[in-house]
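Novice: Got a sequence here, can you build the structure:
(chains A and B)
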2 protein chains.
Amino acid sequence: MRVGELSSLSGVPTPTIKYYMREGLLPPGERTSRNQAHYDDRHLRRLRLIRALLDVGGLSVAVARDVIAALDSPDTGTHKLLGAAQQTVIRTAAYCDDEAREDATAEVLDLVHRQGWKVSADSPAVAAAAEVVGALRQLGLHDFVDRLDDYAHAADAIAATDLDLVRRRPDVDGMAEAVVLGNILGDALLAGLRRLAQVHRSAELFSSGPE
Amino acid sequence: MRVGELSSLSGVPTPTIKYYMREGLLPPGERTSRNQAHYDDRHLRRLRLIRALLDVGGLSVAVARDVIAALDSPDTGTHKLLGAAQQTVIRTAAYCDDEAREDATAEVLDLVHRQGWKVSADSPAVAAAAEVVGALRQLGLHDFVDRLDDYAHAADAIAATDLDLVRRRPDVDGMAEAVVLGNILGDALLAGLRRLAQVHRSAELFSSGPE
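Specialist: Model prediction:
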């Protein structure tokens, strides 16, 4: 297809498509004449991933280029590739102070050990979880930290579904898209479903009559 | 205790404590003379909740006052009270367009029915979940929507732990605190634990050798 058709099928304006090519996010089309190039379904799928990284993921063009470079590197194994995609969606807000963070990191690594998870200590996911555990301790919410294993068990069930969805994707672009969007929208989805389930369970525990 | 001790125990400056009283967030102390008042542990617990609502929850003083008014109303049952606390932490971003939202709401209500959850159709939690389901559909992530029941099952396990923690709190201020902070920090905690579990499961599925 020509660039105009790529634009109408993807919903991305032609000047934006050309900008993505100049920035190295989208590979150039196959030249068919001096002024024309041919694009195919891979360009369409790649455009969808670019929009996901930029619009839904909120990544900068520079970070999106790094993610895409990892996808295009022939010697990146699937696990490393998914790790690169995952790192783009790990947000570590500074919730707690340095001392709380250090203690919390040890608590999270103990949890990882108890769960039998193979995760290295310097994984950004460890830091992200430790930041929240530290904040819970600082706010005196020790009862929540005491139930870390219950939450980890539920998180593991979620991750099993996540990875099953990733595994079924036909190619690496689709897998990366599932990791990025599945995490970002998935967090919001789980927040919504969790609150739905809370309403139900609160009614069961505390409501005296029908709603 | 006097206001100075309340300030040092809570970490909240005295002028801020007086501001909370003027705004109706904190009940006044018991007058012991013309210029002095006596405060007790209930003031300390209430201050902790106020800081949680404002700082971690990001609520405005006006919204925090509504939540606290619900807590203080003698005829509010626990279920309704928790609902009021919960509504402060339901964030509904506008992810999708009107048509997608309508279809997605029907999908979420079907899910609620399948899960046997007793949740009314106009609950803000339904709207929050529908917004994300609509966005997933709009982005073509139908495979994620197909697994809604798996995610709902995990969310229900999370809510069971949440409500158990709420139930064990000694008073309504503590319960409300557990709902507000448990949801806000809990979402971040689950996001971190989910990514940890993903790293582990990705290694199991895709890694050829040890990390």
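Novice: what's the weakest-modelled helix or strand in chain A?
Specialist: None of the helices or strands of chain A scores lower by mean pLDDT, DSSP states H and E than helix A:78-87, at a mean of 80.
Novice: And the following helix or strand past that helix, what's buried?
Specialist: Toward the C-terminal end, the helix or strand that comes next after helix A:78-87 (DSSP states H and E) is helix A:98-115. Counting neighbours by 16 or more other C-beta atoms under 10 Å in any protein chain shown, one finds that the buried residues in helix A:98-115 are A:Ala100, A:Arg101, A:Ala104, A:Thr105, A:Glu107, A:Val108, A:Leu109, A:Leu111, A:Val112, A:Gln115. To be clear about C-beta, it is placed using only N, CA and C from the backbone, and glycine gets the same treatment.
Novice: And stretch A:33-47, by the same measure?
Specialist: Residues A:Tyr39, A:His43, A:Arg45, A:Arg46, A:Leu47 are the ones in stretch A:33-47 that count as buried (16+ other C-beta under 10 Å).
Novice: Check stretch A:54-71 too.
Specialist: Under 16+ other C-beta under 10 Å, the buried positions of stretch A:54-71 are A:Leu54, A:Val56, A:Gly57, A:Leu59, A:Ala64, A:Arg65, A:Val67, A:Ile68, A:Ala70, A:Leu71.
Novice: Can you tell me what sits against that stretch?
Specialist: Under the criterion C-beta atoms under 8 Å, 6 or more residues apart in numbering or on different chains, residues A:23-25, A:46, A:49-50, A:53, A:76, A:80-81, A:84-85, A:88-89, A:172-173, A:176, A:180-181, A:184-185, B:139 lie in contact with stretch A:54-71.
Novice: can you check stretch A:148-155 too?
Specialist: Contacts of stretch A:148-155 from elsewhere in the structure, counted by C-beta under 8 Å, 6+ apart, are A:107, A:111, A:114-115, A:133, B:154-155, B:157-158, B:161, B:186, B:189-190, B:193-194, B:196-197.
Novice: before we move on, the earlier item: sort out for me which of the buried residues of stretch A:33-47 are in helices.
Specialist: Using DSSP state H, the members of these that fall within helices are A:His43, A:Arg45, A:Arg46, A:Leu47.
Novice: Check those residues one by one and keep those near chain B.
Specialist: Applying C-beta under 8 Å from any C-beta of the partner chain to those, one finds that nothing falls near chain B.
Novice: quick one: which of those residues is nearest chain B?
Specialist: Chain B has its nearest neighbour among these in A:Arg45, at 10.5 Å by C-beta to the nearest C-beta.
Novice: and chain A, what are its domains?
Specialist: Residue ranges for each domain of chain A read A:3-75, A:98-206, as given by automatic domain parsing.
Novice: Next, format those as a markdown table and append mean pLDDT.
Specialist: A markdown table is the format used below for these (pLDDT from 0 to 100):
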| stretch | mean pLDDT |
| --- | --- |
| domain A:3-75 | 87 |
| domain A:98-206 | 91 |
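Novice: all helices of chain A, in order?
Specialist: Counting by DSSP H, chain A has these helices, from start to end: A:3-10, A:14-22, A:41-51, A:61-72, A:78-87, A:98-115, A:124-138, A:142-146, A:148-167, A:172-206.
Novice: Compare the ones you listed and give me the one nearest B:Val12.
Specialist: Go through the helices of chain A one by one with C-beta to C-beta and the one that ends up closest to B:Val12 is helix A:124-138, at 15.1 Å.
Novice: Show me which positions of that closest one end up buried.
Specialist: By neighbour count with 16+ other C-beta under 10 Å, helix A:124-138 contains the buried residues A:124-137.
Novice: circling back: now, which of the buried residues of helix A:98-115 lie close to chain B?
Specialist: On the criterion C-beta under 8 Å from any C-beta, A:Val108, A:Val112, A:Gln115 are the entries of the buried residues of helix A:98-115 that sit beside chain B.
Novice: how far away is the last one from A:Leu109?
Specialist: Right, the one you point to is A:Gln115. As for A:Gln115, its distance to A:Leu109 is 11 Å (criterion: C-beta to C-beta, to the nearest Å).
Novice: wait, isn't A:Arg201 in contact with B:Leu165?
Specialist: No: applying C-beta atoms under 8 Å as the test, A:Arg201 and B:Leu165 come out as separate, 11.5 Å apart.
Novice: Nearest residue to A:Ala129 in space, ignoring adjacent ones along the chain?
Specialist: Of all residues not flanking A:Ala129 in the chain, B:Gly192 sits nearest, at 3.3 Å (C-beta to C-beta, 6 or more residues apart in numbering or on different chains).
Novice: re earlier: which strands and helices sit next to the least confident helix or strand of chain A?
Specialist: Packed against helix A:78-87 by the contact rule (3 or more C-beta pairs under 8 Å, 6 or more residues apart in numbering or on different chains; DSSP states H and E) you find helix A:61-72, helix A:172-206, helix B:172-206.
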